[in-house]
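Colleague: Build me a structure from this.
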Amino acid sequence: MRIILSTLILCFGLSTATAQEAPLAEPPMTFDRLADIVVALDEDAQRRGNVIELTLSDVPVMIIADPSADRMRAMVPIRSAEGLDADELMRLMQANFDTALDARYAVAQGRLWGTYIHPLSPLEEAQLISALAQTVTVALTYGQSYSGGAVTFGGGDSRGIYEDILRELLKKGEEL
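Modeller: All right, here's what the predicted structure looks like:
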């Protein structure tokens, strides 16, 4: 079953708590609990040892956990790293600063990846779901907005890049 990312947020009711609501304490995240959450998102998810593979919005996702090191990593393949030039690598680093949010672009094993890395035990359900949405989104927006979602951290170069693109498009529109 393929899940649309916006549905994830609606299905799990990830609204922010009001000042009057006391946050409910969650149990520490374990790999078994993480797997249960992932299977709720994609009933076809496959668990093999410390790896879970699933598909969200037609994007393959792999989650690897190392409970003894208390770490987890969600990752999605984007493309071969071969041919990434200096300008593209610079753009990826700019996105990591302000638009990729908690997800990151990374290069490993000859591939460009969208990744999210976090300590396992303090990870909360809403964080996990947000992490998966952001990681898939950096893959889907690669080559375009390089974004992990609707929010931009700011203070980086992306806003100026978007403004340049908008000016160029507006200029082309005037020529029509």
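Colleague: Contact partners for the residue sitting nearest the centre point of the chain?
Modeller: For the chain, Thr135 is the residue whose C-alpha lies nearest the centre (CA atoms, centre = their mean; 1.6 Å). For Thr135, the contact set (CB atoms under 8 Å, 6 or more residues apart in numbering) comprises 61, 74-76, 103, 114-116, 148. C-betas here are computed from N, CA, C, even on glycine.
Colleague: May I see the buried residues of the helix or strand hosting it?
Modeller: Per DSSP states H and E: Thr135 is located in helix 125-140. The neighbour-count check on helix 125-140 (16 or more other CB atoms under 10 Å) flags 125, 127-140 as buried.
Colleague: ok, those vs Arg91, which is closest?
Modeller: Nearest to Arg91 among these, counting by CB to CB, is Val138 at 12.3 Å.
Colleague: Report the contact partners of the closest one.
Modeller: 76, 78, 95, 100, 103-105, 114, 146-148.
Colleague: gap between the helix or strand hosting Leu89 and the chain center?
Modeller: Under the criterion of DSSP H and E, Leu89 resides in helix 86-98. The chain centre lies 16 Å from the centre of helix 86-98; the measure is CA atoms, centre = their mean, to the nearest Å.
Colleague: Equivalent analysis for stretch 83-98, please.
Modeller: Here the centre of stretch 83-98 is set off from its chain's centre by 16 Å, with CA atoms, centre = their mean.
Colleague: Could you do stretch 115-125 as well?
Modeller: Taking CA atoms, centre = their mean, one finds stretch 115-125 lying 12 Å from the centre of the chain it belongs to.
Colleague: First-to-last residue distance for it?
Modeller: End-to-end span of stretch 115-125 (CA to CA, to the nearest Å): 17 Å.
Colleague: Check stretch 44-61 too.
Modeller: 12 Å.
Colleague: all helices of the chain, in order?
Modeller: 5-11, 31-41, 86-98, 125-140, 158-174 (DSSP state H).
Colleague: For those, which has the smallest mean pLDDT value?
Modeller: Mean pLDDT values for the helices of the chain show the minimum at helix 5-11, a mean of 41.
Colleague: OK, contacts around the nearest residue to Tyr105 once chain neighbours are set aside?
Modeller: The shortest distance from Tyr105 to any non-neighbouring residue, by CB to CB, 6 or more residues apart in numbering, is to Leu92 (4.2 Å). Neighbouring residues of Leu92 by CB under 8 Å, 6+ apart: 84, 105, 112, 146.
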